[in-house]
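>>> the sequence and its predicted three-dimensional model are supplied below.
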Amino acid sequence: MGKQSGAGGGGARTTRRFVRALPALLIVGGFFFDLTTPSNFTASPLFAAAPLIAAPLFALSNTVLTGIASTLAVAGLHLRTQTATQVEAVTELITVVTVAALAVVINRVVRRGDRELASAREIAEAAQRAVLPTPADRIAGLHVAARYEAAQADAFIGGDLFAVQDTPYGVRLVVGDVRGKGLDAVEAVAVVIGAFREAAEQETSLEGVAQRLERALAREGTRRDGLDAFEGFTTAVLAEISRDGGVLRLVNRGHPEPLLLYADGALDVMEPVEAALPLGMAELGAWPDLAQEYTYPAGATLLLYTDGLSEARNAAGVFYDPQARLRGRIFPGPDELLGALIDDVRLHTGGGSTDDMALLAVGRPSEGQQDRRRTVEIVRRAERQRPAAEGGPGRGAGAAGVTAGGPRGGSRGGPDGGPRGVYGGGSGGGFGGGFDEGSGAESDGGSGARSGPCGR
């Protein structure tokens, strides 16, 4: 997948270079065509096309220069053959000059549209940041990281949401997905986020927070003459981490199950005991919310995400499986986890996606853990493509790494029988072997033994 993505990027760059060189190629080609063909053949269509192609691609000055070059080429060719005073020659020259003038007008219209589009993007980004601010890196002793990845490049507005609130009852979180896109979805996100922040401070239980969100959506739906006009429903998962950090509570309303990643690379899926309808669908059935309680040990990281992650597909239509890809992997912190996860999804999909993706990771640091460990990537993408038989580092979950027998005890192997891998930071590479400077050992896909003072 990495090779396909790289090949696609190289092809796109080649195409862009060719298109930008096309006006000059047309002028040069037209000049030699006119020189080497009989007088009843003309290259004026090529000269006229050059400034038109330059108009949307180049700045005004380059568009004007292209038009002048086309005009001079036509005039020079007719002067050379001493046909400049003939009706056909004058007609050709007037045609090229007219088209060049139109190209200047087109250039100004395109540039004005580009400025308006850039302004709209800035407004959209400002609205997204106002509605969905990035949480602080440290909240009540927890390490927090959040990412929002739009399905389309330069698109900032979507229906995915996340929020983190430090409250008297613990740190409360929400990750959700509003049905729909655009400004209507952003309005729905604003309602959910606003209701969550108020309820998180006031409600003594997580179930109470969920009911407040339900009532807020119902209220907004009534104001808009029906929930369907207000995006219909919102899938969401609510979480609460106790003040001492050792207890995790979850309420899931029709959302993808959160994942709990342990310090030794093990992974648990936080599946609800009983399925519940998304928020905003109370008219179809009502039953009391029930928060499920889990142990949240030191060194563990809670990952909440929207279906843009689990429903990302590759060229063969295979869905991305975060459980399989993350099980057996060890990350220095939440930020490195999300960075590697986004890179891996891009490799899986070849750089494209059909849905927005919101990710929220919250780590409970272990006792004595440094605020941030430095990591260095030593395995390049090309190296990860080599078969293990050639001595290259392994690919996939659990192919390269360490024998991990961390806080949950025992020596755990990867999901495919290999030792667990340590993510080594870097960008653009997905999951591969790496080197953790805090461990003093390298993951090489070999025996999997981890040495050094931090070996386990």
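That came through fine.
>>> which residues of the stretch 201-350 of the chain fall in strands?
With DSSP state E, counting those that start in this stretch as the criterion, the stretch 201-350 of the chain has strands at 234-241, 247-253, 259-261, 267-269, 292-295, 301-305, 329-330.
>>> what angle do the longest one and strand 247-253 make?
So that's strand 234-241. 170 degrees (axes from the mean of the first three to the mean of the last three C-alpha atoms, to 10 degrees).
>>> helices of the stretch 151-300 of the chain, start to end?
For the stretch 151-300 of the chain, applying DSSP state H, counting those that start in this stretch gives helices covering 182-202, 206-223.
>>> next: the stretch 1-150 of the chain.
Shown for the stretch 1-150 of the chain, the helices assigned by DSSP H, counting those that start in this stretch span residues 2-36, 44-57, 60-80, 87-131.
>>> show me the contacts for Ala55.
Thr63, Ala103, Val104, Ile106, Asn107, Val110 (C-beta atoms under 8 Å, 6 or more residues apart in numbering). C-beta here means a position set from N, CA and C on the backbone, and glycine is covered the same way.
>>> what bits of the stretch 251-400 of the chain have low per-residue confidence?
Applying pLDDT under 70 to the stretch 251-400 of the chain picks out residues 286, 368-400.
>>> now swap in the stretch 1-150 of the chain and tell me
1-12, 121, 124-125, 127-128.
>>> quick check: beta-bridge partners of the residue most central in space within the chain?
The residue lying closest to the centre of the chain (C-alpha atoms, centre = their mean) is Glu149, at 3.1 Å. In this entry, Glu149 is beta-bridged to Met357, by DSSP bridges.
>>> what's it in contact with, if anything?
By C-beta under 8 Å, 6+ apart, the residues touching Glu149 are Gly308, Ile342, Ser353, Asp356, Met357, Ala358, Leu359.
>>> of the contacts of Ala55, keep whichever come out buried.
Neighbour-count burial (16 or more other C-beta atoms under 10 Å) applied to those gives Thr63, Ala103, Val104, Ile106, Asn107.
>>> residue contacts, the third one?
Contacts of Val104 were listed using C-beta under 8 Å, 6+ apart, and they are Pro51, Ala55, Leu60, Thr63, Val64, Gly67.
>>> out of the contacts of Ala55, the closest to Ala200 would be?
The closest of these to Ala200 turns out to be Val110 (C-beta to C-beta; 47.4 Å).
>>> is it correct that the closest one is in contact with Phe58?
No: under the criterion of C-beta atoms under 8 Å, Val110 makes no contact with Phe58, lying 10.0 Å away.
>>> mutual contacts of those two, please.
The overlap between the contact sets of Val110 and Phe58 (C-beta under 8 Å, 6+ apart) is empty.
>>> tell me the SS of Asp355?
The three-state assignment at Asp355 reads coil, by DSSP: H, G, I helix; E, B strand; the rest coil.
>>> quick one, what contacts the closest residue to it other than its chain neighbours?
Residue nearest to Asp355 in three dimensions, not counting chain neighbours: Gly308, with 4.0 Å by C-beta to C-beta, 6 or more residues apart in numbering. The contact partners of Gly308, taken as C-beta under 8 Å, 6+ apart, are Glu149, Ala151, Asp160, Asp177, Ser353, Asp355, Asp356, Met357, Ala358.
>>> show me which pair in the residues you listed is furthest apart.
Asp177 and Ser353 (14.2 Å).
>>> between these two, which one's more packed in?
For Asp177 versus Ser353, neighbours defined as other C-beta atoms under 10 Å are more numerous around Asp177 (28 against 21).
>>> and for the nearest residue to the more buried one once chain neighbours are set aside, the neighbour number?
In space, and not counting its chain neighbours, Asp177 is closest to Thr306: 4.5 Å by C-beta to C-beta, 6+ apart. Thr306: 29 surrounding residues under other C-beta under 10 Å.
>>> quick one: Thr306 from Leu290, how far?
23 Å (C-beta to C-beta, to the nearest Å).
>>> again with Ala21
Ala21 is 65 Å from Leu290, by C-beta to C-beta.
>>> what about these two, which has more around it?
Using other C-beta under 10 Å, the more surrounded residue of Ala21 and Leu290 is Leu290, with 15 against 11.
>>> and the more buried one, backbone torsions?
The phi/psi pair for Leu290 (degrees, to the nearest 10) reads phi -130, psi 110.
>>> please renumber the chain so that the first residue is 449 from this point on.
Noted, 449 is the first residue going forward, which turns the last one into Leu738.
>>> could I get the contacting residues of it?
Glu655, Val699, Val721, Glu722.
>>> of those, closest to Ala574?
Ala574 lies nearest to Val699 out of the contacts of Leu738, by C-beta to C-beta, at 31.6 Å.
>>> from Glu688, how far out is the closest one?
Noted for Val699: a distance of 9 Å to Glu688, by C-beta to C-beta.
>>> repeat that for Ala638.
Separation of Ala638 from Glu688 (C-beta to C-beta) stands at 23 Å.
>>> if we can go back for a sec, can you redo the helices of the stretch 599-748 of the chain as CSV with distance to Thr543?
What follows is the helices of the stretch 599-748 of the chain, written out as CSV (distance: least, C-beta to C-beta, whole Å):
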stretch, distance to Thr543
helix 630-650, 44
helix 654-671, 60
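>>> make CSV from those and add mean pLDDT to it.
Shown next, in CSV, are the helices of the stretch 599-748 of the chain (pLDDT from 0 to 100):
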stretch, mean pLDDT
helix 630-650, 86
helix 654-671, 87
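>>> closest to Leu732 out of those helices?
helix 654-671 (12.1 Å).
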